[in-house]
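Undergrad: Model the following, please.
(one chain, ligands or ions: 1)
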Amino acid sequence: MIVDGILPFARKLITSHINDSSIVVDATCGNGNDTYFLANQVPNGHVYAFDIQKAAIESTKLKTASFDHITYHQTGHEHAATIVKNNHDGIDASIFNLGYLPKGDKNITTHALTTIEAIQSLFEITNKNGIIVLVVYPGHPEGQIESNEVREFVQSIDQQTAHVLHYQFINQKNNPPYIIAIEKR
Ligand code: SAM
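TA: This is a model prediction of the structure:
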């Protein structure tokens, strides 16, 4: 396949909106894969990593131990903007990899209400031409609800305020993940 898959395209969107000094947010750090990726992209910037699970924060710390420009926060991403604002004025990119921790407790998952709250507050501190990238997983029951509500919310964003993109393979079976990206105008 030559066309970008979901995760490669999510990363391409992020890299095209940041530079090596960007301030960026991993809103759901999980096992740390996105935090690791971000930390490599912004060697002179800063990465804020959030997750509600202790195990996720520990796993992310372990994976990114070689970096000294990451702060880890065991709290919901709905608090991310408040925390970032204590130290930085604006951010260039945020990534949300929604759902539950792979191989973890499937009951601990992201929820529409707090996801939307986090998107709204992080959008406020996103710089012009910055981006929020969401990888949405509608293939599990809570994910389906979250997918519907998040889509409804992002479709309502004023087109003068942001470009909102939906990237999805529409012939794949079993509700595959897809991307929503919100680029601030
Ligand atoms: N990006 C991760 C990686 O690279 O390994 C995978 C993330 S996993 C699909 C989703 C994560 O979201 C879980 O670790 C879960 O604990 C976390 N989560 C659930 N609700 C959250 C919330 N309100 N704020 C932050 N993280 C949350």
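Undergrad: how about stretch 66-77, does it reach the ligand?
TA: Yes. Contact of stretch 66-77 with the ligand (CB under 6 Å from any ligand atom) involves 76-77. In short, each C-beta sits where N, CA and C put it, glycine included.
Undergrad: and the end-to-end length of that stretch?
TA: 24 Å (CA to CA, to the nearest Å).
Undergrad: can you give me the mean pLDDT across it?
TA: Mean pLDDT, stretch 66-77: 98.
Undergrad: ok, residues contacting that stretch?
TA: For stretch 66-77, the surrounding residues in contact (CB atoms under 8 Å, 6 or more residues apart in numbering) are 25, 27-29, 35, 39, 42-54, 57, 60-61, 64, 79-80, 83, 96, 114-115, 118, 122.
Undergrad: Over to stretch 82-96?
TA: With CB under 8 Å, 6+ apart as the criterion, stretch 82-96 contacts 10, 14, 17-19, 22-28, 34, 38, 46, 48, 73, 75, 77, 80, 110, 115, 118-119, 121-122, 125-127, 130-135.
Undergrad: And the residue of this structure closest to the ligand?
TA: Gly30 (2.6 Å; CB to the nearest ligand atom).
Undergrad: Could you count how many residues lie near that residue?
TA: Neighbours of Gly30 under the rule other CB atoms under 10 Å: 23.
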